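Here you go, sequence then predicted model.
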Amino acid sequence: MSKNHSITEEQFHSKNFGDDFIWGISASAPQSEGAHNIDGKGFSIWDTFSERRKKILNGDTPHHASQFYHHYKQDIAIIKSLHIPNFRFSISWSRILPNGIGAINQPGIDFYNRVIDECLANNIVPWVTLYHWDLPLALSHKGGWANREIIHWFSEYVTLCIRTFGDRVKHWMILNEPMVFTGAGYFLGVHAPGEKGLKKFLPAVHHAVLCQATGAKIIKNEIAIAEVGSTFSCSYITPNSNSAKDIAAANRIDALLNRLFIEPSLGMGYPINELPLLKKIERYIKPGDENLMLADFDFVGIQNYTREVVAHTYLVPYLQAKVIPANKRKVYHTTMDWEVYPEAIYEMIKKMSSYSGVKKIIVTENGAAFHDEEQNEKINDEERINYLSGYLRQVHHAKADGHKISGYFVWALTDNFEWTEGYYPRFGLVHVNFETQKRIIKQSGWWYKNFLNGKE
Ligand code: IFM
């Protein structure tokens, strides 16, 4: 049993992680800003994808979200009031470059200048994600991530961001969860832009790998002292049984979900042996790409929420593997049907830490959606508190065991637009009434404040 299991609830707080551990909270532009068509912003793929019939639960769209565009001062004041020292948010590419390339939209630049300055004025360190899935629609019309030209489009965008905001922003994340935006957007077709099959998925994967490395190089060339990383979704994968077939199926899913983007950036290539469907990716690899894929990240962001149990099946093409949903397994789960399994975050930190090329790991997202009930202006979200505290114990366990973990950000600041699930799942530490935009700090927000202050 690791040391931290002997820490009592009262003694378990941020100070146990050491003074230099980084604490923060996360958000993203498409999920919180709203204001999708004002002050010169161009459309993103999510603005239009969400308008298509039956794509999003209840016909929701990100058009209004939690109106961070108008409420950023209030939201940053909340972060300050909760004593959270770091704020991770993303830049909407089409807000500053409405067509993805070419003409700059000055009101969009002004907005992010205001957000950054507001953070700094409140002693909050801004951590900026460059791409959180909201590709400019104009670029999607040219093939989006499946078009190799995206390396040039993305380079133009990153260069603009670093030259405009780099005097004040020192922490940068290139991509948010490339596995999800390529897998759900170009393979399964359930996320924007809604493409299905391998034909666009494989080039999209390769171009995302190239962009994550190119983006990191651009930032480092412009500002050598910048801290650069990228963020990776990851789930702890366990086989449904000890049968050789289930174990092999679990290995395939692990290669797809957990290894596909980090390994090529570390010079290990794509996990083709474990995942033969990747064989055809070779046709998109050009001479010299092996070097272009390499990224010297200062840190790696991992985003873990759950584990997946995987079984073999002949019914799923390419993968011959299926994930058994938590509700079918009858285990405790969140509104997203994600099993609450705190050990998953320990396992993922350990796995990422085992790569010698990974210098530093930061949990850039972890959190939970539960059904929140407002009573007398209070939201007593005990389940979320238990979730966070259980996962944080495992993060502490990982640190105590010597893994390279050095920070943790909660997902999310406010309730927001949860992609295909619309506004139904609520992840925020701050409740939002989407009719009135009124904010109420949930009990989990107050709990996090106490945890950061050194009190459970
Ligand atoms: O809301 C998302 C976020 O955009 C990416 N990581 C997972 C979160 C919860 O689903």
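Cool, got the structure. Since this is a predicted model, take the numbers as computed values, not measurements. Numbers count the residues shown, from 1 in each chain.

and Gln17, how many residues sit next to it?
Small correction: residue 17 is Phe, not Gln. Counted by other C-beta atoms under 10 Å, the residues lying close to Phe17 total 20. For the C-beta atoms, the positions are set from N, CA and C on the backbone; glycine is no exception.

which residues touch it?
Neighbour list for Phe17: Val395, His396, Lys399, Tyr408 [criterion: C-beta atoms under 8 Å, 6 or more residues apart in numbering].

and the gap between it and Ser94?
Distance, Phe17 to Ser94, by C-beta to C-beta, to the nearest Å: 38 Å.

Where does pLDDT dip in the stretch 351-456 of the chain?
Low-confidence segments of the stretch 351-456 of the chain (pLDDT under 70): 455-456.

residue ranges for the helices of it, please.
382-400, 443-453 (DSSP state H, counting those that start in this stretch).

TSV for the ones you listed, including distance to Pro264 and mean neighbour count?
Converted to TSV, the helices of the stretch 351-456 of the chain look like this (distance: least, C-beta to C-beta, whole Å; neighbours: other C-beta atoms under 10 Å):
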stretch	distance to Pro264	mean neighbour count
helix 382-400	25	21
helix 443-453	35	19
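
And those: which comes nearest the ligand?
Ranking those by proximity to the ligand (C-beta to the nearest ligand atom) places helix 382-400 first, at 12.8 Å.

what angle separates that closest one from helix 443-453?
Here the directions of helix 382-400 and helix 443-453 differ by 30 degrees (axes from the mean of the first three to the mean of the last three C-alpha atoms, to 10 degrees).

contact partners of helix 382-400?
Counting by C-beta under 8 Å, 6+ apart, residues outside helix 382-400 touching it are 2-5, 7, 9, 12, 16-18, 21, 334, 340, 342-346, 349-350, 353, 363, 366-368, 370, 372, 405, 408, 410, 429, 442-444, 447-448, 451, 456.

just stretch 259-272 next, same as before
Residues from elsewhere that reach stretch 259-272 (C-beta under 8 Å, 6+ apart): 178-179, 205, 208-209, 212-213, 230, 232, 255, 274-275, 278-279, 281, 290, 293-295, 297, 300, 352, 355, 357-358.

Contacts only, for the closest residue to Asn380 other than its chain neighbours.
Of all residues not flanking Asn380 in the chain, Gln443 sits nearest, at 5.1 Å (C-beta to C-beta, 6 or more residues apart in numbering). Neighbouring residues of Gln443 by C-beta under 8 Å, 6+ apart: Lys378, Ile379, Asn380, Asp381, Glu382, Ile385.

Next, count neighbours for the closest residue to the ligand within the stretch 101-250 of the chain.
With C-beta to the nearest ligand atom as the measure, Glu177 is the residue of the stretch 101-250 of the chain nearest to the ligand, at 5.4 Å. Glu177 has 23 neighbouring residues, counting by other C-beta under 10 Å.

Now do the same for it: its pLDDT.
Predicted confidence (pLDDT) for Glu177: 98.

Got the phi and psi for it?
The phi/psi pair for Glu177 (degrees, to the nearest 10) reads phi 50, psi 70.

And for it, nearest residue in space, chain neighbours not counted?
Distance criterion C-beta to C-beta, 6+ apart; nearest residue to Glu177, sequence neighbours excluded, is Ser233 at 4.0 Å.

The one you found - how many residues pack around it?
The number of residues near Ser233, taken as other C-beta under 10 Å, comes to 21.

and it, what are its bridge partners?
Per DSSP bridges, the residues bridged to Ser233 are Gln303.

In this structure it contacts Val180, no?
Yes: judged on C-beta atoms under 8 Å, Ser233 makes contact with Val180 at a distance of 5.2 Å.

in which helix or strand would I find Pro264?
helix 262-265 (DSSP states H and E).

Mean confidence (pLDDT) on that helix, please.
98.

Tell me the helix or strand right after that helix.
Using DSSP H and E, the helix or strand that follows helix 262-265 towards the C-terminus is helix 289-292.

which residues touch the residue of the stretch 101-250 of the chain closest to the ligand?
Neighbour list for Glu177: Trp133, Thr231, Phe232, Ser233, Gln303 [criterion: C-beta under 8 Å, 6+ apart].

go with 7 Å
Residues near Glu177 by C-beta atoms under 7 Å, 6 or more residues apart in numbering: Thr231, Phe232, Ser233, Gln303.

Among these, name the buried ones.
Listed as buried from these are Thr231, Phe232, Ser233, Gln303; burial here means 16 or more other C-beta atoms under 10 Å.

near the ligand, from these?
The residues of the buried ones among the contacts of Glu177 that also fall near the ligand, by C-beta under 6 Å from any ligand atom, are Gln303.

Between the buried ones among the contacts of Glu177, which sits nearest Asn327?
Set against Asn327, the nearest of the buried ones among the contacts of Glu177 by C-beta to C-beta is Ser233 (20.8 Å).
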